[in-house]
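*Asks:* Below: sequence and its predicted model.
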Amino acid sequence: MESQPLEGKPHQWKKETIVLLIETRLSRELEFNRPTCKKKKLWQQIAKIINEKLRVNVTSDECDLKYRNLLKTYKNNKKKQQSSGESAITWEFFERFDHVLGCKAAITPAEGSLYDTLENDDSENIEPDSQPYEELPASPSTSAGSAGTDVNTQKSKKRKMQISDYLLKKLEMEDEKNKRKELFQQQKWEEEKLLKEKEINAILKLVQVLASKCET
């Protein structure tokens, strides 16, 4: 049975608890991405691991909420890195996320498949952030020869930014889709439970009526 925090006193997250939360959650990335996974149960397992290892008292809901906030911060930093070209991000947990989630942004789709996938997802085309590229002044003798190389380099950078933005957007869409599916399954389960309870109550009333007739 999951322990509950003291009323009015939410868990105070320390760095070691946050690190263990990130590592434990990311180690189960494949499990969370399965369409049939029960996320609530997975979060309960993660909370149990944290509580046992660090002797703290944190609930599965607190773990879920904290991770969502951390993931949002990571995505914002990732977009900043892609749009500005910054190689170093100062957020202390960025590398831990990027080690697992960053590989998704590094995947290059097959030629011509990027916008096909976007259309299948019923999403808007994702345009790359338009960033100016600083060019060093070139001498007249070399400017003509280097012009083609500069254009190709800019196109390559823009394409990488475009693909990364698309993959992050797709990840957000999949997460939202899984949330809606989980909510639908929960509502369906509650409806079935209510029907079962009504059936049981009807049977009990019938038994009582039959029993009273037998006594008379």
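*Replies:* Right, received. Where do you want to start? Numbers count the residues shown, from 1 in each chain.
*Asks:* okay, now residue 69: neighbour count?
*Replies:* 11 (other C-beta atoms under 10 Å). The C-beta positions use only the backbone N, C-alpha and C, and glycine is treated the same way.
*Asks:* in stretch 192-201, what's buried?
*Replies:* By neighbour count on 16 or more other C-beta atoms under 10 Å, the buried set for stretch 192-201 is empty.
*Asks:* can you check stretch 14-31 too?
*Replies:* For stretch 14-31, the neighbour count (16+ other C-beta under 10 Å) marks 17-18, 20-22, 24-26 as buried.
*Asks:* And residue 93, its phi and psi?
*Replies:* Dihedral pair for residue 93: phi -100, psi 10, per degrees, to the nearest 10.
*Asks:* what's the lengthiest helix in the chain packed up against?
*Replies:* Once the chain is assigned using DSSP state H, the helix that runs over the most residues is helix 140-215. Judged by 3 or more C-beta pairs under 8 Å, 6 or more residues apart in numbering; DSSP states H and E, the packing partners of helix 140-215 are helix 60-84, helix 94-105, helix 114-120.
*Asks:* ok, back up a step: just the buried residues of stretch 14-31 now: which is nearest residue 193?
*Replies:* For the buried residues of stretch 14-31, the residue nearest residue 193 by C-beta to C-beta is residue 25; the value is 29.7 Å.
*Asks:* isn't the closest one right next to residue 67, touching?
*Replies:* Yes. With contacts counted by C-beta atoms under 8 Å, residue 25 reaches residue 67, the gap being 5.3 Å.
*Asks:* circling back: mind picking the two most distant members of the buried residues of stretch 14-31?
*Replies:* Greatest spatial distance among the buried residues of stretch 14-31 (C-beta to C-beta): 17 and 26, at 15.0 Å.
*Asks:* mind checking which helix or strand of the protein has the lowest mean pLDDT?
*Replies:* helix 114-120 (a mean of 38; mean pLDDT, DSSP states H and E).
*Asks:* so residue 70 sits right up against residue 23, yeah?
*Replies:* No. The pair residue 70 / residue 23 is not scored as a contact, 11.7 Å apart, by C-beta under 8 Å.
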